[in-house]
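Peer 1: Fold the following.
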Amino acid sequence: MLIDQGIALLPISAPVLGRMDTVYPVVLWDEHNAVLVDTGYPGQLSQLRDALESVGVPHDKITRILVTHQDIDHIGNLQAWMEGSQVPIEVASHALEKPYIEGERRLLKFTDEAIASIDRMPESVPEAFRNGLKRLMLHPPKAPVKRVVAGGERLPWCGGLVAIDTPGHTPGHISLYHEPSRTLLAGDALVVLDGRLQGPDPATTLDLEMAHASIARFASFPIERVVCYHGGLFRDNVMERLAQLGSA
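Peer 2: Alright, predicted model coming up:
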């Protein structure tokens with residue numbers, strides 16, 4: 001889904017715990033670079049490549065992958081992409097997320113309790129599914145992070161991307177501001193629910209107070225549209241809505 005020149009949404013869907021969940025990676029490109037932001041759930045590589053082709057960006061043109069944070073629906077196809085790529089890929093993330101993306105530390109939301117809960121699933125849940133889920137939680141996808149991105153840093157790709165520190169959902173969560181299109185790539189710092197821009201999801205946010213405080217950092221950018229990883233595009237009185245959320 002093209003939203004402006006050189007920037008498009010890549011909606012891809014997967015069944016998650018009995019329901020379909022659609023996430024929205026983003027691709028940005030110019031004559032020199034093609035940058036993918038986040039990679040979807042594990043097993044969605046072919047969907048992701050098809051979505052790229054549908055907006056006119058061949059998957060082998062991607063040379064950089066920016067990861068907003070460590071969660072499995074963001075890093076899910078990172079390792080498979082790296083292993084299948086015919087061109088060198090530079091993976092970038094915040095320093096606090098790097099050891100989790102690289103597999104040096106267990107993903108923060110894959111706690112001992114979360115893993116143990118798999119064994120308490122109803123018997124109606126197939127054993128193969130339970131085993132696969134446990135294996136995924138113990139051995140999630142991983143890839144080397146070659147570039148550490150800090151809040152306030154301007155990345156000279158695709159007309160200019162500014163990294164914004166938005167901790168709370170995870171400690172090193174970042175959002176990105178695309179200068180040419182005035183688009184905020186919020187990651188999971190915000191969500192779109194029933195067509196309305198909302199704050200972070202309390203059920204999946206590690207530090208909700210910090211996450212709400214991070215919203216105020218968007219006020220200094222002239223934002224015309226917001227892309228949320230969960231919910232997609234929002235462009236209705238954006239700055240007014242961000243001000244409401246930032247003061248809540």
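
Peer 1: quick one: contacts for the residue lying closest to Asp201 once chain neighbours are set aside?
Peer 2: Once flanking residues are discounted, Asp201 sits nearest to Val191: 5.6 Å by CB to CB, 6 or more residues apart in numbering. For glycine as for every other residue, the C-beta is placed from the backbone atoms N, C-alpha and C. Counting by CB atoms under 8 Å, 6 or more residues apart in numbering, Val191 touches 197-201, 228, 230-231.

Peer 1: Drop anything exposed from these.
Peer 2: 197-201, 228, 230-231 (16 or more other CB atoms under 10 Å).

Peer 1: Now, the residues you listed that are in strands?
Peer 2: 197-198, 228 (DSSP state E).

Peer 1: Could you look up the next helix or strand downstream of the helix or strand bottoming out on mean pLDDT in the chain?
Peer 2: For the chain, counting by mean pLDDT, DSSP states H and E, strand 2-4 ranks last in confidence among helices and strands (a mean of 81). Sequence-wise, the next helix or strand downstream of strand 2-4 (DSSP states H and E) is strand 7-9.

Peer 1: where exactly do the helices run in this structure?
Peer 2: Here the chain has its helices, by DSSP state H, at 45-54, 72-75, 78-84, 98-101, 112-116, 127-138, 208-214, 238-247.

Peer 1: Endpoints of stretch 102-121, how far apart?
Peer 2: Distance across stretch 102-121, first residue to last, is 29 Å (CA to CA, to the nearest Å).

Peer 1: what residues does that stretch touch?
Peer 2: 70-72, 99-100, 130, 133-134, 137-138, 140, 142-145, 170-171, 204, 206.

Peer 1: Select only the buried ones of the residues you listed in ChimeraX?
Peer 2: What follows is the ChimeraX syntax selecting those of these that are buried according to 16+ other CB under 10 Å:
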select :70,71,72,100,133,137,140,142,143,145,170,171
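
Peer 1: Leaving out chain neighbours, which residue sits closest to Glu179?
Peer 2: Gly160 (3.9 Å).

Peer 1: check contacts around that neighbour.
Peer 2: Gly160 touches 154, 178-180, counting by CB under 8 Å, 6+ apart.

Peer 1: let's see 10 Å
Peer 2: Shown in contact with Gly160 (CB atoms under 10 Å, 6 or more residues apart in numbering): 154, 177-180.

Peer 1: Reformat those as JSON lines; add distance to Gln244.
Peer 2: Shown next, in JSON lines, are the contacts of Gly160 (distance: CB to CB, whole Å):
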{"residue": "Arg154", "distance to Gln244": "28"}
{"residue": "Tyr177", "distance to Gln244": "19"}
{"residue": "His178", "distance to Gln244": "23"}
{"residue": "Glu179", "distance to Gln244": "24"}
{"residue": "Pro180", "distance to Gln244": "26"}
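
Peer 1: Which ones among the residues you listed map onto strands?
Peer 2: 154, 177-178.

Peer 1: looking at the residues you listed, which has the most residues close by?
Peer 2: His178 (26 neighbours; other CB atoms under 10 Å).

Peer 1: The residue nearest to His212 when sequence neighbours are not counted and Gly246: what is the separation?
Peer 2: Among residues not flanking His212 along the chain, Gly199 sits closest, at 5.8 Å (CB to CB, 6+ apart). Here Gly199 is placed at a distance of 9 Å from Gly246 (CB to CB, to the nearest Å).

Peer 1: Mutual contacts of those two, please.
Peer 2: In contact with both Gly199 and Gly246: 212, 214-215, using CB under 10 Å, 6+ apart.

Peer 1: Let me know the closest of those residues to Gly40.
Peer 2: Ser214 (23.5 Å; CB to CB).
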